[in-house]
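J.: Kindly generate the corresponding structure for this input.
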Amino acid sequence: MADSERLSAPGCWAACTNYWRTRKGLILLAEIILCLVILICFSASRSGYTSLSVIEMILAAVFYVFYMCELHTKMPFINWPWSDFFRSLIAAILYLVTSIIVLVERGHDAKIAAGVLSLMAMCLFGYDAYTTFPLRQQRHTAAPTDPTDGPV
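T.: So this is what the prediction gives:
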């Protein structure tokens, strides 16, 4: 009885499929996948730059789950827009530095691919920071005006 009710009720799967269709959901999903690919490339080249990809993939997955399950509304003591903004901004800066170092060092083909993908990740995380900047999202409402054809 409980299993049939759980399957018929909108649950985690419905929330997941509804959230990944949003712009923020797609950005976070792309960040997770790109970090995984970069991690694979760095692992194949046997370089020591894998920790950045692991940390950013985990953080993007955590934010994805929190936004998907709407846990950010249940925890108002954390300022989620600013946290997400700083997460993506710091990731963009770190990926820029890492990609420059990796591309200047040169090396194995997988390492060069990871450097190029790190540049792409820098652009993606930078776009995420731009779209989640909290002060940019504040909307101003227009002041009420009197009707132009006189008093009603």
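J.: can we go C-alpha only for contacts and neighbour counts from here?
T.: OK.
J.: Check what pLDDT the closest residue to residue 78 other than its chain neighbours gets.
T.: Closest residue to residue 78 apart from its sequence neighbours, by C-alpha to C-alpha, 6 or more residues apart in numbering: residue 72 at 7.9 Å. On the pLDDT scale, residue 72 is placed at 71.
J.: does residue 76 sit in a helix, a strand or a coil?
T.: Under DSSP: H, G, I helix; E, B strand; the rest coil, the three-state class of residue 76 is coil.
J.: Wait, the residue nearest to residue 78 touches residue 83, no?
T.: No - under the criterion of C-alpha atoms under 8 Å, residue 72 is not in contact with residue 83, lying 11.0 Å apart.
J.: Tell me which of these two has more neighbours.
T.: residue 72 (17 against 14; other C-alpha atoms under 10 Å).
J.: Could you check how far the more buried one is from residue 126?
T.: From residue 72 across to residue 126, the span is 22 Å (C-alpha to C-alpha, to the nearest Å).
J.: And the helices in this protein, which stretches?
T.: 2-8, 12-19, 23-44, 50-68, 80-105, 109-131 (DSSP state H).
J.: Take those helices and write them to CSV, including mean pLDDT.
T.: Formatted as CSV, those follow (pLDDT from 0 to 100):
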stretch, mean pLDDT
helix 2-8, 41
helix 12-19, 68
helix 23-44, 87
helix 50-68, 87
helix 80-105, 88
helix 109-131, 88
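J.: just checking, residue 44 touches residue 112?
T.: No - between residue 44 and residue 112 there is no contact under C-alpha under 8 Å: 11.1 Å.
J.: out of these two, which sits in the more crowded spot?
T.: residue 112 (20 against 14).
J.: nearest residue to that one other than its sequence neighbours?
T.: residue 103 (6.1 Å).
J.: From residue 52, how far out is that neighbour?
T.: Distance of residue 103 to residue 52, given as C-alpha to C-alpha: 16 Å.
J.: ok, now residue 129?
T.: On the measure of C-alpha to C-alpha, residue 129 and residue 52 end up 17 Å apart.
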